[in-house]
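1. give me a model of this one.
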Amino acid sequence: MLTHEVSVAFRPQTTVSSLAVSKDGNFLAWSEKNGLINLSIDGNKPNYTSIEGDAKGLFFQNINLIIGDDNFGLKCLDKQCELIWECEIPGGISLIEKCQDFIAVVDNLGRLSIVSYNGKITNNNLEFTSIIKLLSSKNCVIIVQEDGSVYCFDGQQVIWNRPSRGEVGEAITAVGIDSFENLIIGREGYALVPGDEEALEIEVWDVYHNELILRDEIKNRLIVTVSNSIDTYLGFDDGAIHSLERLDDGKYNLSDKIFDCKYPVKTLNIANDCVVAGSWFYLHGITMSGDNWMVEHQGIIQYSAYCIAKNTFYFAGDDQNDYTGIEPIGVIDLSSKLLERDKSELTLWFELSEQNNKLSAEEIYSDDDKLESLISIEEQSQLKFHDDDLNNLLTALEGDDEQLLEDVDKEKLVGDNLLEELLDEVKITDLPIANAGDDCVYDCGDENHSIIVLDSSNTSGDKSKIVSYSWIDDSGKEISNLPKLRVKLARGKYRFELRIIDNDGNSTLDSIQVEVI
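-> Okay, here's the model as predicted:
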């Protein structure tokens with residue numbers, strides 16, 4: 001198969017939580033789960049600083065780095081990671097978006113604030129609530145609320161809005177901007193029973209003329225988009241990639257599938273002459289000439305950053321396994337020629353670099369003095385002192401080795417029994433146990449109905465083992481297979497049952513009674 005030569009750009013201390021490259025490609029920045037912010041100049045050892053919380057996003061503004069801290073607010077750093085300015089956002093930051101004339105941030109309560117590039121809040125206490133997505137568009141920001149309503153806000157006022165559709169509600173799965181600055185929306189309708197409201201759809205809007213250009217049903221959830229001045233590409237949760245084509249009459253058409261990644265598309269970039277999609281542990285490249293190439297990563301790919309100026313592509317991810325090492329940040333020079341490799345060789349770029357960074361057992365435990373040049377004289381004397389102590393201890397133990405082995409065997413037997421008991425307990429407590437929530441009463445007021453949320457988030461145990469959710473109403477009909485959904489209920493009493501199945505085939509259930517008065 002075809003692939004690119006890949007190198008380890010950096011090895012983070014902990015899991016990467018955001019990634020950005022400057023426009024000229026001279027600066028690379030990333031944040032880590034431990035609050036560490038790193039900034040490398042020309043690929044050299046990074047400068048770093050720490051923030052109070054977790055970075056919810058970062059980007060370059062000229063040569064300065066702007067960070068969204070979920071504990072404090074906004075911080076602006078120079079290339080040495082020294083603080084230039086900071087702006088406290090009460091409630092911290094959950095979303096951050098770089099716009100043409102301002103920075104849009106959403107706090108942890110879902111409220112919007114507009115901040116200037118010198119760190120001053122210019123607009124807050126706005127009427128938006130429960131914001132879940134932000135997207136920059138020209139000199140505006142696109143705002144998506146949890147109820148499915150979408151707004152275009154220029155920093156001072158709303159210039160366009162799309163009300164939520166459907167009687168029960170909907171979810172906006174993705175928003176993007178196409179090559180003609182029109183807004184792309186992926187939506188999923190909610191409904192108690194199958195029908196039009198639960199359809200998966202794509203919409204294209206001209207927000208500046210309030211015109212719906214396209215509304216079409218699709219088979220899978222749209223989750224990511226990317227565009228340049230010529231092309232627009234869409235990534236779906238089944239791994240498919242399509243292009244969105246604008247026809248001569250101004251209408252739009254969704255192309256046939258141009259590539260299948262087989263897993264949900266997490267990242268999507270247009271880089272040089274190809275489209276690059278991050279899906280599962282792989283980067284898939286689709287060139288304009290029709291060649292397909294693949295690169296494997298040590299982690300599930302979550303972040304990517306492309307620099308046009310240097311034609312370099314950075315990517316990072318996490319294998320979501322606490323017992324393995326931290327995954328590296330990879331870099332590809334997309335100007336390099338494609339290579340023919342066996343699929344088994346795609347992991348060599350990170351495996352070989354790991355081996356090269358490790359000393360062999362012979363080097364570590366040898367009796368020669370090769371390693372002494374790497375430590376100070378004081379450390380050498382301490383090492384000799386500890387070696388003498390160890391030799392004396394081993395000599396003292398030689399006479400009692402039989403009794404020692406007998407005692408060790410006894411302790412091992414006790415330890416094995418204890419370990420078996422602990423493992424049995426872990427097997428029991430680790431099972432996911434369904435929890436549909438507490439019984440509740442809703443007052444619908446002057447309305448004849450109430451919209452409530454059925455939520456399985458209180459389910460205990462290891463949720464990563466859950467392979468199936470099922471909500472069943474009191475008639476025995478399954479109404480959803482999602483962990484969380486909204487339902488519209490008239491006055492009366494209702495009972496819903498939550499049933500979950502884990503990857504071992506175990507099934508548990510719980511029920512909730514809802515009364516609407």
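
2. just want the most central residue of this protein.
-> Gln302 (5.1 Å; Cα atoms, centre = their mean).

3. count of neighbours near the residue nearest to Asn71 when sequence neighbours are not counted?
-> Leaving aside its chain neighbours, Asn71 sits nearest to Gly53 (2.8 Å; criterion: Cβ to Cβ, 6 or more residues apart in numbering). Just so you know, the C-beta spots here come from the backbone N, C-alpha and C atoms, and that holds for glycine as well. Other residues near Gly53 number 15, with proximity taken as other Cβ atoms under 10 Å.

4. for Gly53, what are its contacts?
-> 35, 69-72, 92 (Cβ atoms under 8 Å, 6 or more residues apart in numbering).

5. neighbour count for those residues - can I get that in CSV?
-> Shown next, in CSV, are the contacts of Gly53 (neighbours: other Cβ atoms under 10 Å):
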residue, neighbour count
Gly35, 18
Asp69, 25
Asp70, 23
Asn71, 16
Phe72, 18
Gly92, 20
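
6. keep only those of those that are in strands.
-> Among the contacts of Gly53, DSSP state E puts Asp69 in strands.

7. now, which of the contacts of Gly53 sits nearest Lys463?
-> Asp70 (21.9 Å; Cβ to Cβ).

8. show the pLDDT at that closest one.
-> Here, the pLDDT recorded for Asp70 equals 92.

9. correct me, but it touches Gly57?
-> No - under the criterion of Cβ atoms under 8 Å, Asp70 is not in contact with Gly57, lying 9.7 Å apart.

10. between these two, which contacts overlap?
-> Shared contacts of Asp70 and Gly57 (Cβ under 8 Å, 6+ apart): Ile93.

11. nearest spatial neighbour of the residue nearest to the centre of the chain, skipping sequence neighbours?
-> In space, Gln302 comes closest to Gly317 once its chain neighbours are excluded; the distance is 4.9 Å by Cβ to Cβ, 6+ apart.

12. okay, the helix or strand that contains that neighbour in CSV with CA atoms only?
-> Secondary structure from DSSP states H and E places Gly317 in strand 312-318. C-alpha atoms of strand 312-318 as CSV (Å, rounded to 0.1, in the frame of the first residue of the first chain):
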residue,chain,number,x,y,z
THR,A,312,3.6,19.9,6.7
PHE,A,313,0.9,17.9,8.4
TYR,A,314,0.8,17.3,12.2
PHE,A,315,-1.5,14.9,14.0
ALA,A,316,-2.0,13.6,17.5
GLY,A,317,-4.3,11.1,19.3
ASP,A,318,-4.8,8.8,22.3
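
13. show me what that strand is packed against.
-> strand 16-21, strand 265-271, strand 274-279, strand 300-307, strand 329-333 (3 or more Cβ pairs under 8 Å, 6 or more residues apart in numbering; DSSP states H and E).

14. circling back to that earlier point, assumed the residue nearest to Asn71 was part of a helix.
-> No - in this structure, Gly53 is coil, not part of a helix, as judged by DSSP: H, G, I helix; E, B strand; the rest coil.

15. how about it, phi and psi?
-> phi -120, psi -140 (degrees, to the nearest 10).

16. I'd like to know how far it sits from Ile93.
-> Distance from Gly53 to Ile93, counting by Cβ to Cβ, to the nearest Å: 9 Å.

17. overlap in contacts of these two?
-> What both Gly53 and Ile93 touch, as defined by Cβ under 8 Å, 6+ apart, is the set 69-70.

18. closest one of the contacts of Gly53 to Val175?
-> Comparing these against Val175 with Cβ to Cβ places Asp70 closest, at 21.8 Å.

19. what's the distance between the residue nearest to Gln302 and Gly91?
-> Gly317 is 29 Å from Gly91, by Cβ to Cβ.

20. between these two, who's got more neighbours?
-> Just comparing Gly317 and Gly91: by other Cβ under 10 Å the higher neighbour count belongs to Gly317, 26 against 16.

21. quick one, what contacts the more buried one?
-> 16, 278, 281, 297-303, 327.

22. against which helices or strands is the helix or strand containing Thr173 packed?
-> If you go by DSSP H and E, Thr173 is part of strand 170-177. Judged by 3+ Cβ pairs under 8 Å, 6+ apart, the packing partners of strand 170-177 are strand 131-137, strand 140-145, strand 183-189, strand 222-227.
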